[in-house]
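>>> Sequence plus predicted model, see below.
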Amino acid sequence: MTFNPLEQRGIPLDRQLRSWRELNVDPIDPDHCDPYTRCRIITMNGIEVEAILFSHQLARNTVDPEVKRQLARTRYIEAQQQKVVNWLLPGVSSVLETTIAYEQVAVDLTAWIARMEPDPYLKQAYQFGVLEDFDHLYRYANLYEMIEHRKAESIVDGLTEVMPGRPTRFHHRDPVDNVRDPYDKDATAPLSKLHALTIMSAEQQTMNFYMNTGPTYMEPIARQLYQEIGLIEEEHVTHYESLVDPGETWWEQLVNHEYNECYLYHSFMEQESDPKVKAIWELHLNMELEHLHTACDLMRKHDGRDPASVLAPELPNVLTFEPNKGYLRELLDTQMDLTTLGAGYVREAHERFAKMQEKIHGGEAPPSDLVMTEHDAMFGREYRVQSEGEHPDPTQRDK
């Protein structure tokens with residue numbers, strides 16, 4: 001059944017404000033919830049954070065006081081939504097457990113979008129990035145067993161495999177080689193715009209999370225690993241944000257943000273297994289429908305264009321969290337040795353890449369390698385979850 005958010009009305013904006021009692025939602029039970037419920041929560045938190053940050057940036061770049069006031073009205077409701085969504089996460093989970101869930105989001109969200117992306121250049125960007133997040137999941141899972149003496153399979157629950165991706169030490173590239181070519185806003189499919197905005201928002205959330213939580217650990221190896229992967233997340237945000245056409249006006253970007261929120265809340269409402277969480281997705285969708293209409297009115301007034309000229313006439317098929325094991329194994333078999341050169345991809349360690357590697361590693365093993373060495377010293381093995389057989393790359397098989 002098609003769903004066109006431009007034709008739907010939601011809860012009027014002046015009726016969306018919630019009291020503390022309504023905001024004080026019960027968190028999920030980490031030991032009994034569907035892992036993909038947690039993934040949906042993490043994803044929507046990242047989407048809401050991006051919506052808030054974008055609204056602030058737009059407000060700082062307009063001189064019209066009425067626009068500032070309208071943005072503030074909507075943004076406050078977005079801030080309430082973000083609090084509700086993020087507060088669904090349980091306080092009993094450790095930072096490292098939440099980290100592993102963040103990386104499960106990065107792996108299965110990016111893999112699904114790569115599978116569904118119609119543009120070959122954008123598809124390759126997602127395929128390239130997902131193999132790096134896949135390796136981050138593997139490194140954090142080994143750190144988790146070292147520090148907390150628990151296994152990551154209790155978090156990923158057999159839905160996502162845990163084994164080496166593109167080795168983290170090779171993710172450190174010259175910054176200029178992290179900048180991709182943008183899509184053409186006038187030629188690309190509306191779905192591609194939603195994909196790019198979704199992945200950019202998710203990676204930005206992960207970057208911010210690691211920037212703030214990394215130094216909260218006492219263990220030196222944990223502090224070091226968060227520092228290394230936190231730098232790579234900055235690279236990933238550069239990688240993904242550069243895919244967005246900078247020629248999009250502020251008003252185009254605003255309606256794209258609101259439309260994407262409608263798309264994702266609708267998607268997650270359709271597949272949510274937890275009734276209490278599903279009710280939140282439905283409520284927030286009905287709020288976002290009005291946010292979208294408000295953004296469309298601003299675009300008509302200040303951009304002089306009909307938002308329907310840049311938005312999809314109906315929502316695409318729902319974005320789905322599901323296992324991507326076979327697809328990821330195919331990428332592991334064919335793209336492990338890729339790096340970037342300019343806006344493209346190569347298989348050789350070119351001069352800029354080699355210089356960056358030399359400077360940042362300084363002839364020493366990076367934290368992502370040290371965590372594996374220390375784990376092996378403690379347990380005499382690596383930690384992996386390989387439900388589908390041996391690693392596709394013979395050089396990465398468990399010895």
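Great, that's in hand.

>>> so what's the residue nearest the centre of the chain up against?
The centre of the chain sits closest to residue 202, judged by C-alpha atoms, centre = their mean, with a distance of 2.1 Å. Residues counted as contacts of residue 202 (C-beta atoms under 8 Å, 6 or more residues apart in numbering) are 42-43, 46-47, 105-106, 109-110. Every C-beta, even on glycine, is put in place using the N, C-alpha and C of the backbone.

>>> Look up the closest residue to it, ignoring the ones flanking it.
Residue nearest to residue 202 in three dimensions, not counting chain neighbours: residue 46, with 4.6 Å by C-beta to C-beta, 6 or more residues apart in numbering.

>>> tally of neighbours for that neighbour?
The number of residues packed around residue 46, counting by other C-beta atoms under 10 Å, is 27.

>>> these two touch, right, it and residue 205?
Yes - counting by C-beta atoms under 8 Å, residue 205 is a contact partner of residue 46 at 3.2 Å.

>>> Can you tell me how far residue 366 is from residue 217?
Residue 366 sits 17 Å away from residue 217 when distances are taken as C-beta to C-beta, to the nearest Å.

>>> Settle it for me: which of those two has more neighbours?
Comparing residue 366 with residue 217 by other C-beta under 10 Å, the one with more neighbours is residue 366, at 21 against 18.

>>> The more buried one contacts residue 168, doesn't it?
Yes - counting by C-beta under 8 Å, residue 168 is a contact partner of residue 366 at 7.0 Å.

>>> does the nearest residue to residue 4 once chain neighbours are set aside count as helix, strand or coil?
Spatial nearest neighbour of residue 4, chain neighbours left out: residue 314 (4.5 Å); criterion: C-beta to C-beta, 6+ apart. The three-state label given to residue 314 by DSSP: H, G, I helix; E, B strand; the rest coil is coil.

>>> low-confidence ranges in this protein?
For the chain, residues meeting the criterion pLDDT under 70 lie at 1.

>>> Show the residue spans covered by the helices in it.
Remark: helices assigned in the chain by DSSP state H are 20-23, 35-60, 65-86, 95-116, 120-148, 153-156, 190-213, 220-241, 250-271, 275-303, 325-334, 351-361, 367-379.

>>> quick one: residue 3 and residue 315 touch, right?
Yes - between residue 3 and residue 315 there is a contact under C-beta under 8 Å: 4.7 Å.

>>> higher neighbour count, these two?
residue 315 (20 against 15).

>>> OK, contacts around that one?
2-5, 262-263, 266.

>>> sorry, back to before: ok, now how distant is the residue nearest to the centre of the chain from residue 144?
From residue 202 to residue 144 the distance is 21 Å (C-beta to C-beta).

>>> Over to residue 77?
Taking C-beta to C-beta, one finds residue 77 at 36 Å from residue 144.

>>> coming back round to it: find residues that contact each of residue 3 and residue 315.
If you check residue 3 and residue 315 against C-beta under 8 Å, 6+ apart, the residues they both contact are residue 266.

>>> More neighbours: residue 77 and residue 144, which one.
Using other C-beta under 10 Å, the more surrounded residue of residue 77 and residue 144 is residue 144, with 24 against 19.

>>> Surely the more buried one touches residue 153?
No - using C-beta under 8 Å, residue 144 is not in contact with residue 153; the gap is 10.4 Å.

>>> And stretch 283-299, what's buried?
Neighbour-count burial for stretch 283-299, counted by 16 or more other C-beta atoms under 10 Å, picks out 283-296, 298-299.

>>> so which pair among those is furthest apart in space?
283 and 299 (25.2 Å; C-beta to C-beta).

>>> sorry, back to before: what is the nearest of the contacts of residue 202 to residue 126?
Closest approach to residue 126 among the contacts of residue 202 (C-beta to C-beta): residue 110, at 5.3 Å.

>>> Quick check: phi and psi on residue 312?
Backbone torsions for residue 312, taken as degrees, to the nearest 10, come to phi -70, psi 140.

>>> For it, give me its contacts.
Residue 312 neighbours (C-beta under 8 Å, 6+ apart): 190-191, 194, 259.

>>> And it, how close does it get to residue 123?
19 Å.

>>> Also residue 300?
Counting by C-beta to C-beta, the gap from residue 300 to residue 123 is 33 Å.

>>> number of nearby residues for residue 204?
Neighbour number of residue 204 under other C-beta under 10 Å is 20.

>>> Is it correct that residue 48 is in contact with residue 85?
Yes - if you go by C-beta under 8 Å, residue 48 and residue 85 touch, sitting 5.9 Å apart.

>>> list the residues that contact both of the two?
Counting by C-beta under 8 Å, 6+ apart, nothing touches both residue 48 and residue 85.

>>> before we move on, back to that, which among the helices of the chain is found nearest to residue 389?
Of the helices of the chain, nearest to residue 389 by C-beta to C-beta is helix 325-334, at 8.5 Å.
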